[in-house]
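1. fold the following and give me the result.
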Amino acid sequence: MSYRTIVVHVDQSRHAEARIALAASVAASQGAHLIGAAMTGISRFIYHGATVDVARTVLAAQLDELMARANLALDRFDAIAGAVDGLSFERRLVDDDAAAGLAMQARYADVVVISQFDPDDPAARLDPELPAFVMLNSAAPVLMVPFIGAPPVVGEEVLVGWDESMPARRAIGNALPMLRCARKVSLAVFNTGDLPRLAGADIALFLARHGVNVEVLREETRIGVGSALLSLAADLGADLLVMGGYGHTRFREVLVGGATEAILSTMTIPVLMSH
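-> Residues are numbered from 1 along each chain as shown. Purely as a prediction, here's the structure:
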């Protein structure tokens, strides 16, 4: 079992190069096909009620500029992906806004790779809710790359956050191709209460039967679980965090849970998250 299709967000962000390089590394290690998806920024819904030709005539100048920018970003994707020996890849130009376009592309992929929101990056300021929106609306798990940078290789030392929830279970199932390749997987269970010796045992057996080298860590914390996970990841030298993502979306609004918000805003290592 391995990933076969990985989609990476391609734009003109200053973090795009690191994001693409990480996606290419994961794709190469999994023998997956890598798709670089660049969105023009024009929502596909603008064409509703009019023919595509009419819409393009009205918006011709704006579309030409946006498409030119997207293609420049895709040229950079081609250069990075093309430098990886044997990597199968393609560029894809999508008429849509970034968040909706990525959520749509994720329907046909095993993983979608995006970046953490960086408030100091001009290219990201237009859509600060993009990471949370894609995570909450993606049929595939989302691999988020922190804006402080990422290691050249991820998935050798993995920390998994486990709370017996459906999102956490989905995250584990979606991460199995990477977990099976990891040197070590630490599964963290926080504040286990009256049954500390049993917490995490069932899911650890599930992982072990899939060939995962897993160790259960039962931790107590008085700080938020998101902060506790990041602190534990630093102590363990983990290069990847796997966890469930919590929240829901409303029109023009994204609402996420406390631990999810903490991770989205303060992540220090790549995070694979499933809703």
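2. where exactly do the helices run in this structure?
-> Here the chain has its helices, by DSSP state H, at 16-30, 52-58, 60-82, 98-105, 130-137, 166-179, 201-209, 225-236, 258-266.
3. and the ones you listed, which one is worst for confidence?
-> Ranked by mean pLDDT, the helices of the chain end with helix 52-58 in last place, scoring a mean of 59.
4. break the chain into its domains for me.
-> Following automatic domain parsing, one finds the domains of the chain at 5-145, 157-274.
5. list the contacts for Glu156?
-> Residues counted as contacts of Glu156 (Cβ atoms under 8 Å, 6 or more residues apart in numbering) are Ala182, Arg183, Lys184, Asp239. In short, each C-beta sits where N, CA and C put it, glycine included.
6. quick check on Glu220: phi, psi?
-> With angles defined as degrees, to the nearest 10, Glu220 sits at phi -110, psi 140.
7. that one against Asn191, yeah?
-> Yes. Using Cβ atoms under 8 Å, Glu220 makes contact with Asn191 at a distance of 5.9 Å.
8. looking at the two, which one has more neighbours?
-> Asn191 (14 against 10; other Cβ atoms under 10 Å).
9. closest one to Pro151 among the domains of the chain?
-> Between Pro151 and these, the tightest spacing by Cβ to Cβ is seen for domain 157-274, at 5.0 Å.
10. related to what we said a few turns ago, most packed of the helices of the chain?
-> Ranked by mean neighbour count, the helices of the chain are led by helix 130-137 with a mean of 24 (mean count of other Cβ atoms under 10 Å).
11. per-residue confidence at Leu255?
-> Note for Leu255: predicted pLDDT of 67.
12. got it, and Pro151?
-> Looking at Pro151, its pLDDT is 84.
13. who does the residue most central in space within the chain form a beta bridge with?
-> Centroid-nearest residue in the chain, with Cα atoms, centre = their mean: Leu143, separated by 2.2 Å. Beta bridges link Leu143 to Val113, Leu272 when assigned by DSSP bridges.
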